[in-house]
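J.: Sequence and predicted structure are below.
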Amino acid sequence: MVPHPALLLAQPDEPFAGPDSQRAAQEAELTALENDVHRLGVALGALDLGAAARDLRELQQLTHEVMARAERSGVAEAASALFQLEDLLSTIRGSGGLANADTRRQIDLAFRAARSASTLRLAEVAKAEATGLLGNLLLVVKEPGLLLEITHAATRRKFLATSALSAEEARDIAGAATFSGVIMDFDGTPLAESEALARLLRTLPGTRHCPLIVVADSPNFGLRLSAARCRAALLLPKPIAGDKLVAALQGLDVRDAPEHPRLLLLTSDDPEARRLDHVLKPLGMTVSAFRESEQIVEALDATQPAALIIDRQGERAEDVCRIVRAIPRWRDLPILLRVTSESARLSAYEAGADDALPDTGADRELVARLRVRLERTRVFREQSNRDPLTGLLTRRALTESMLARLAEARRAKRHLSVCFLDLDRFKTINDSYGHAVGDKVLASFGTLLGSRFRLPDLRGRWGGEEFLVAFYGEWAESAREILSRVTAEFAQMTFDAGAGKSFQVTVSGGIATYPVDGDTLDDLILVADRRLYAAKRAGRNRIRI
């Protein structure tokens, strides 16, 4: 029998010889995969799901062959979706070719996921891998052991680390590349020379705006004063673990793509609104202006600002301040007022404003006050959103982030896998070895989760020994594969219990996927929790989907 054209698999073009032949072969394979998925879609569209068993068998075989190509091409998401599609077709065959509305919906979702994944090209994959880095770090550290430890920690946390062993080398590197953070060891070099180098780095293009962390043995007042003059963000005493040091730097929100805060401006002066936008836009700040104070609540909800500026509104400014401070969501929002008198300035503070500037004040002062307020708010938010033991998101912050990611998945018609993880027999660890040892286990697992996965993947501590991970765009099968590698790595770790005793810890998990297992976050968490306890009942050390 001659197969239908839709069932013929495409063959990738022969890769050309030369230094880029491997890249060309990969691109050809990805192109062939995209063509095959398209042919599969044609076959699915032409097929009646009540068709003969032979047609279903041919379609299932085609699906299996395309899945194998997706695996060879390294497109795991497409392979997982096609695996689910093949499983659904097998179920239909087993039921005599009958499919209900839910099964048809799952088939459509699986195919669309495979089609979306198969459109990736090698250039896009390479770009995604490049942008997966959180940032570049410059290390000016002479102590070999500390340098090696920081470099390894940076790599685990998805930073690219570049070291400089001398002031001249640091100067040349900072002049040729852009960095998102600098770590300097002030030991081993005269303090005046270290300070001079740090001040120089503040003037070079590649390190001018990034945070500086200084480390030193037993820092005294003189060293602290020197670090302050260099505008160091943190001064940390040695000895310090590399992971803790990089985590501290990460807590300063270090990354190559800086935030661009949105500012909400209440003003009746349209030319002034345009002028302020012209002043602030080059600094990475976006201004959204509105005229009516009665619209303050709607304006806040619409813009989600990082700060509110109220320009010469008289008594209305005080009323707006009090309204904003009475809304729980915006109680900590920085509010800056521009006032026309000293009495208005004092009244502004009484109403809850953070700053009150004369309307004749220089733009430099407004910018400086904005930057200080935005940075302090960001640091406070980062600290309150992070679990101090594991460094992961707290339950509240994780919930907010997952709701936003779920809304994004709903808009983009993508899937989201929510994974509940629980350390096996953790209570026994606490009872047998003490809570200090248990805390080390939790901290180690948090560090492992924090240093794995992609940037869009959310990781948080749900409570106690329970953790949650959310994978955007991943099916349950691929999420389980990813998590299984991490839990297997954790199971190989050995923990010191004291008195010559040691132990290892395994992890159980359950996964639920939007929209197959539920449409709301509560639904997904409930299903994932049930599957977690099914994994526990089945013997632990496994992940159920």
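T.: Good, I have the coordinates.

J.: Quick check: R376 vs D332, distance?
T.: 10 Å (Cβ to Cβ, to the nearest Å). All C-beta atoms are positioned from the backbone trio N, CA, C, and that covers glycine.

J.: next one: W475
T.: For W475 relative to D332 (Cβ to Cβ), the value is 38 Å.

J.: Of those two, give the one with the bigger neighbour count.
T.: More crowded of W475 and D332, by other Cβ atoms under 10 Å: W475, with 28 against 12.

J.: Can you give me the end-to-end span of stretch 534-544?
T.: 7 Å (Cα to Cα, to the nearest Å).

J.: Can you tell me the SS state at D517?
T.: What DSSP: H, G, I helix; E, B strand; the rest coil gives for D517 is coil.

J.: should've said G509
T.: Applying three-state DSSP: G509 is strand.

J.: The closest residue to it other than its chain neighbours and A79: what is the separation?
T.: In space, and not counting its chain neighbours, G509 is closest to I543: 4.0 Å by Cβ to Cβ, 6 or more residues apart in numbering. If you measure I543 against A79 using Cβ to Cβ, the figure is 18 Å.

J.: same deal with D424?
T.: From D424 to A79 the distance is 29 Å (Cβ to Cβ).

J.: who's more crowded, I543 and A79?
T.: With neighbours defined as other Cβ under 10 Å, I543 and A79 compare such that A79 has more, 26 against 22.

J.: Which element, helix or strand, includes that one?
T.: helix 76-94 (DSSP states H and E).

J.: From the contact counts, what lies against that helix?
T.: helix 53-73, helix 101-118, helix 476-491 (3 or more Cβ pairs under 8 Å, 6 or more residues apart in numbering; DSSP states H and E).

J.: Tell me which other helices or strands the shortest one touches.
T.: Same thing as helix 476-491. helix 76-94, strand 416-423, helix 435-450, strand 466-472, strand 507-514, strand 543-544.

J.: Buried residues, that helix. List them.
T.: A476, E477, S478, A479, R480, I482, L483, V486, T487, F490 (16 or more other Cβ atoms under 10 Å).

J.: Could you chop this protein up by domain?
T.: The record, using automatic domain parsing to delimit domains, assigns the chain the ranges 5-128, 132-250, 262-378, 395-544.

J.: can I get these in CSV with mean pLDDT and distance to L389?
T.: Converted to CSV, these look like this (pLDDT from 0 to 100; distance: least, Cβ to Cβ, whole Å):
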stretch, mean pLDDT, distance to L389
domain 5-128, 66, 32
domain 132-250, 86, 12
domain 262-378, 88, 22
domain 395-544, 90, 6
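
J.: If we go by neighbour counts, what in stretch 408-426 is buried?
T.: Within stretch 408-426, judged by 16+ other Cβ under 10 Å, the buried ones are 409, 414-426.

J.: Name the pair among those residues with the greatest separation in space.
T.: The largest separation in the buried residues of stretch 408-426, counting by Cβ to Cβ, is between R414 and R425 at 36.1 Å.

J.: Now do the contacts for R405.
T.: L416, P456, L458, A470, Y472 (Cβ atoms under 8 Å, 6 or more residues apart in numbering).

J.: hang on, I meant V297
T.: By Cβ under 8 Å, 6+ apart, the residues touching V297 are I323, I327.

J.: And what about it, helix, strand or coil?
T.: Assignment for V297 (three-state DSSP): helix.

J.: Next, the contact list for R331, please.
T.: R325.

J.: let's number from 24 now, not from 1
T.: With the count now opening at 24, the last piece we talked about shows up as R354.

J.: Could you measure from it over to T114?
T.: Relative to T114, and taking Cβ to Cβ, R354 is found at 52 Å.

J.: And for L359?
T.: When L359 is compared with T114 (using Cβ to Cβ), they lie 61 Å apart.

J.: Looking at the two, which has the bigger crowd around it?
T.: The residue with more neighbours, out of L359 and T114, is L359; 21 against 12, by other Cβ under 10 Å.

J.: is the more buried one in a bridge, and if so with what?
T.: I332, D378 (DSSP bridges).

J.: Could you check how far it is from L286?
T.: With Cβ to Cβ as the criterion, L359 and L286 are 9 Å apart.

J.: Kindly report the same for D292.
T.: 16 Å.

J.: More neighbours: which of those two?
T.: Legend: neighbour count by other Cβ under 10 Å for D292 and L286, higher for L286 (22 against 15).

J.: Please export the C-alpha coordinates of the strand or helix carrying the more buried one as CSV.
T.: Assigned by DSSP H and E, L286 belongs to strand 285-289. Below are the C-alpha coordinates for strand 285-289, written out as CSV (Å, rounded to 0.1, in the frame of the first residue of the first chain):
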residue,chain,number,x,y,z
ARG,A,285,6.9,52.6,35.8
LEU,A,286,6.1,55.9,37.5
LEU,A,287,2.5,57.2,38.0
LEU,A,288,2.3,61.0,37.7
LEU,A,289,-0.8,63.0,38.9
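
J.: strands paired with it, and their directions?
T.: Here strand 285-289 is paired, per DSSP bridges, with strand 309-313 (parallel), strand 330-334 (parallel).

J.: Which residues outside the first one are in contact with it?
T.: What it means is strand 309-313. Contacts for strand 309-313 (Cβ under 8 Å, 6+ apart): 283-290, 293, 296, 299-300, 303-304, 322, 326, 328.

J.: so what's in contact with L359 and L286 at the same time?
T.: In contact with both L359 and L286: A330, L331, I332, L393, using Cβ under 8 Å, 6+ apart.

J.: What about the last one, how many residues nearby?
T.: L393 is flanked by 21 other residues according to other Cβ under 10 Å.

J.: Secondary structure class of it, three-state.
T.: Put simply, L393 is helix when judged by three-state DSSP.

J.: so what's the closest residue in space to it that isn't next to it in sequence up against?
T.: In this structure, L393 finds its nearest non-sequential neighbour in A330, 6.3 Å apart by Cβ to Cβ, 6+ apart. By Cβ under 8 Å, 6+ apart, the residues touching A330 are P284, L286, L287, L356, P357, I358, L359, L393, R396, L397, T400.
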